[in-house]
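**Student:** Need the 3D shape of this:
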Amino acid sequence: REKMKKIFSVLFAASTLFSTPLFAKIEILNPWIRPSTGPNAALFMEGINTSEKPISLSSAHSDTSSRMELHQHIEENGRMRMSQVETFKIPEQGKLALVPGDLHVMFMGIHRTFTEGETIHVTLTFEGEESIKVAVPVKNGQTLSSHPSDT
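**Tutor:** Residues are numbered from 1 along each chain as shown. Alright, predicted model coming up:
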């Protein structure tokens, strides 16, 4: 009887562990940052979710800036402006593109200029997930309009 309780406890713990979002698959593809020309800079990338549940990017951090925010561009009175958002949702079995002129992660109050050819280290944190550390190259001359609605 005691042995059965232990087996049940182990099986229950294993089923709980394997059903948690920790086993969700997230891939970060083609991350890049524009060289900075002022106190802020933007991070672009593609996030791929291979799990069966939606996953949300909730924050980002880098030692190179005072803070980082998730941003979107919105049109207001015929003008485009940036607006902070809480999360970026990556649908189940889907992807999310962070591209110039649309969604991006903003470095606010960078401590030094980001120059082409260097690498900036960023930690991306997902709701209910462990953080992912990404080495992001600073690149010049990236396509400025790669959002699907622009083609």
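
**Student:** which strands and helices sit next to the helix or strand where V134 lies?
**Tutor:** Taking DSSP states H and E as the criterion, V134 maps to strand 131-137. Identification of packing neighbours for strand 131-137 by 3 or more CB pairs under 8 Å, 6 or more residues apart in numbering; DSSP states H and E yields strand 26-33, strand 40-49, strand 119-126. For the C-beta atoms, the positions are set from N, CA and C on the backbone; glycine is no exception.

**Student:** Poorly predicted segments of the chain, please.
**Tutor:** Across the chain, residues meeting the criterion (pLDDT under 70) sit at 1-24, 129, 141-151.

**Student:** what ranges do the strands span in it?
**Tutor:** 26-33, 40-49, 55-61, 65-76, 79-85, 88-90, 95-98, 104-110, 119-126, 131-137 (DSSP state E).

**Student:** would TSV of these with mean neighbour count be doable?
**Tutor:** Output for the strands of the chain, formatted as TSV (neighbours: other CB atoms under 10 Å):
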stretch	mean neighbour count
strand 26-33	17
strand 40-49	20
strand 55-61	19
strand 65-76	16
strand 79-85	11
strand 88-90	20
strand 95-98	17
strand 104-110	19
strand 119-126	18
strand 131-137	14
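
**Student:** What distance do you get for the nearest residue to E116 once chain neighbours are set aside to S58?
**Tutor:** In this structure, E116 finds its nearest non-sequential neighbour in N140, 4.6 Å apart by CB to CB, 6 or more residues apart in numbering. From N140 over to S58 the distance is 29 Å, taken as CB to CB, to the nearest Å.
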